[in-house]
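**Student:** Fold the following for me, if possible:
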Amino acid sequence: MSAQHEHEFEAAPGLPEALPAGEKILWQGAPDWRQLALHAFHVRKLTIYFALIIALQAWVLQGQNPQVVLASIGTSAMLALTAVGMLTAIAWFASHTCLYTLTNKRVVMRVGIVLTMTFNLPLVRIAGAALKPRGRGCGDVALQIREPDRIAYLHLWPHARAWRLKSPEPSLRCVKNADAVGALILQAWRTANPHEAVLAQGASQHGPSSSMRDPIAA
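**Tutor:** Modelled structure (predicted):
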């Protein structure tokens, strides 16, 4: 397993260097930016939070000068819209600068907006996987790395399984057709690990891992 800073030149999209002989690309994809904004940057929850705060502010200010009330609520609404807009923009950039690649040997994650990094995750170093369904057919596929390998959570975020701070798990966030992607990863893992019959799989992002012989399931 390795991580490196991206160079200006890519041998192929998402790959810092040409694939060696015998290695081929099975799938490439990127996060859906709308789902990433909702589930990684929580813009929906923040919008509801700000709406409640503004409603509370309006209730507290009732009976005062209407111009003062409108000015105060307008300022709060503008700040709330700015915050939500900035997070949505970051989600868009995070999606459009990211590319996940699955080969028959590894998973490659090119991530980062300003400082772009590439993480190479050999299939033989992956111990488990978990699928978390999202909306519109999207989902997260989290990968458990064998010890002692480890990638810092802050280096991965938002491409990391939520709340796994002690043992961070790289995650393909909000990818389309997540069920099919999970099945492809499982098939590639079995081919790369012929002496291991079972890939440990978690039921959800908040559930325990368990050994399963079926394709990655929610």
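**Student:** Show me how the record splits this protein into domains.
**Tutor:** Domain segmentation of the chain under automatic domain parsing yields 2-31+98-212, 36-94.
**Student:** mind listing what the spatially most central residue of the chain touches?
**Tutor:** Nearest to the geometric centre of the chain sits residue 173, at 2.7 Å (C-alpha atoms, centre = their mean). Counting by C-beta atoms under 8 Å, 6 or more residues apart in numbering, residue 173 touches 31, 36, 39, 40, 140, 158, 159. Using the backbone N, CA and C atoms, a C-beta is placed for each residue, glycine as well.
**Student:** How about the secondary structure of it?
**Tutor:** strand (DSSP: H, G, I helix; E, B strand; the rest coil).
**Student:** Tell me the pLDDT of it.
**Tutor:** pLDDT recorded at residue 173 is 97.
**Student:** Could you find the closest non-adjacent residue to it?
**Tutor:** The shortest distance from residue 173 to any non-neighbouring residue, by C-beta to C-beta, 6 or more residues apart in numbering, is to residue 31 (4.8 Å).
**Student:** re the thing from before, okay, the domains of the chain, which one's buried deepest?
**Tutor:** Of all the domains of the chain, domain 2-31+98-212 has the most neighbours on average by mean count of other C-beta atoms under 10 Å, namely a mean of 17.
**Student:** closest to residue 19 among the contacts of residue 173?
**Tutor:** Distance to residue 19, by C-beta to C-beta, is smallest for residue 159 among the contacts of residue 173, at 21.5 Å.
**Student:** OK, contacts around the nearest residue to the closest one once chain neighbours are set aside?
**Tutor:** Take residue 159 and drop its neighbours on the chain: the residue closest to it by C-beta to C-beta, 6+ apart is residue 111, 5.0 Å away. Residues counted as contacts of residue 111 (C-beta under 8 Å, 6+ apart) are 94, 97, 98, 117, 118, 119, 156, 159.
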